[in-house]
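A.B. asks: show me how the following folds:
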Amino acid sequence: MAKFPEAWTVADLAAFVGGSIVGDSTRKVSRPGTLFDATPDTVVFAENAEYLSQVVANGIGVALVPTGVVAEGISLVVVESPRAAFGKLLHFCIDPHPVAVGIHPTAQVSPTATVSSEAAIGAFVVIEGGTVIEAGAVIYPFSYVGPNCHIERSVVVYPHAVLMQSVTLRAGAIVHPHAVLGADGFGYTWDGTKHAKVPQVGAVEVGELAEIGACTTVDRATAGTTRIGAGTKLDNLVQVGHNVQVGKHVLIAAQTGISGSAQIGDGVVMAGQCGVAHHVSITSRVTLGGRAAVISDITEPGYYLGYPTRPMDTEKRSMALYGRLPEIWKRLRQIEKKQDSEK
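C.D. replies: So this is what the prediction gives:
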């Protein structure tokens, strides 16, 4: 269970996050928690009074709260953003899985690969020819790094990740377990008798501080480069097709699929199980609700839902109307029957 390095008091906690104290400042704080693992030494965040009342009822001792949220019988640390302050605390609870700097004796490194002496290469890693790995990069055990890849400084590649070939990971990028980058794009052409494979000879580039979730796949381009922008975060089980261009600081949730050559603008947010058709363009600052299906270009920022995707307000009205269709149909039939009887 995650704990702080040593037991703090509420006063220590408040000093660290820059908050003010309401209640007992001497109470001990040993770990972060949630509503469901309550102990008096647990700290949680509560962004509203309703949630704080549940925190108090469950016996949690300390909460990070915004201004104006109060309760009895609990120590409060008042901050501007409880969620952000809680995130800052979680950095104390990271339990690293260390990989020693240097190349593990069981790793297989091509003589034509260039690996910095300050990189960490774990057990049973395979690194193919032409690949460059810079200082501070960490490649966890059982990962495969194919030919002509470039892994920049401070990149982390977790166990069993696969970089097939011609994959560039910019500084600080993270690739989680079992992600596959640089596999062939899904390209075929009908030759009259069968689906003939179109050679996929392009590359993949993942921007600085981008993060690729577990079991996510980013296909290499047919030609050119499939790109994931700087600061973009892909959840687990996301599929990015060949030649897709994803902008900066995009969030894409699990089970979303993006078809080949689609373009996603900066700051886009895509909820779970969204789908984007091939060659579709989504402008910057668009938010897609869960299971949204984008089959034509979105040219205006805003919130969108549905299949086919429409502006959120429009789609909500349609969804509300859909639930009334049996009633509307019944009334329509009654009107039709009345009109027929009057003829």
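A.B. asks: need the CA coordinates for stretch 66-82. PDB is fine.
C.D. replies: The C-alpha coordinates for stretch 66-82 follow below in PDB (Å, rounded to 0.1, in the frame of the first residue of the first chain):
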ATOM      1  CA  PRO A  66     -11.500  24.200  -1.600                       C
ATOM      2  CA  THR A  67     -12.400  27.400   0.100                       C
ATOM      3  CA  GLY A  68     -15.900  27.300   1.700                       C
ATOM      4  CA  VAL A  69     -16.100  23.600   2.200                       C
ATOM      5  CA  VAL A  70     -16.200  22.800   5.900                       C
ATOM      6  CA  ALA A  71     -17.000  19.900   8.300                       C
ATOM      7  CA  GLU A  72     -16.700  19.000  11.900                       C
ATOM      8  CA  GLY A  73     -14.500  16.200  13.300                       C
ATOM      9  CA  ILE A  74     -11.900  16.200  10.600                       C
ATOM     10  CA  SER A  75      -8.700  18.100   9.800                       C
ATOM     11  CA  LEU A  76      -9.000  20.200   6.700                       C
ATOM     12  CA  VAL A  77      -6.300  21.600   4.500                       C
ATOM     13  CA  VAL A  78      -7.800  24.400   2.400                       C
ATOM     14  CA  VAL A  79      -6.200  24.800  -1.100                       C
ATOM     15  CA  GLU A  80      -7.100  26.300  -4.400                       C
ATOM     16  CA  SER A  81      -7.300  23.000  -6.200                       C
ATOM     17  CA  PRO A  82      -7.700  19.900  -4.000                       C
END
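A.B. asks: show me what it is in contact with.
C.D. replies: 10, 13-14, 17-25, 27, 43, 45-49, 52-53, 55-56, 60-65, 85 (Cβ atoms under 8 Å, 6 or more residues apart in numbering). In this view, the C-beta of every residue, glycine as well, is placed from N, C-alpha and C.
A.B. asks: quick one: distance of that stretch to the chain centre.
C.D. replies: Taking the mean of its C-alpha atoms, stretch 66-82 sits 29 Å from the chain's own mean (Cα atoms, centre = their mean, to the nearest Å).
A.B. asks: tell me which element the residue lying closest to His249 once chain neighbours are set aside is part of?
C.D. replies: Using Cβ to Cβ, 6 or more residues apart in numbering and skipping the chain neighbours, the partner closest in space to His249 is Gly231 (4.3 Å). Using DSSP states H and E, Gly231 falls within no helix or strand.
A.B. asks: can you pull out the helices in this structure?
C.D. replies: Applying DSSP state H to the chain gives helices spanning 10-17, 49-57, 82-90, 312-323, 325-342.
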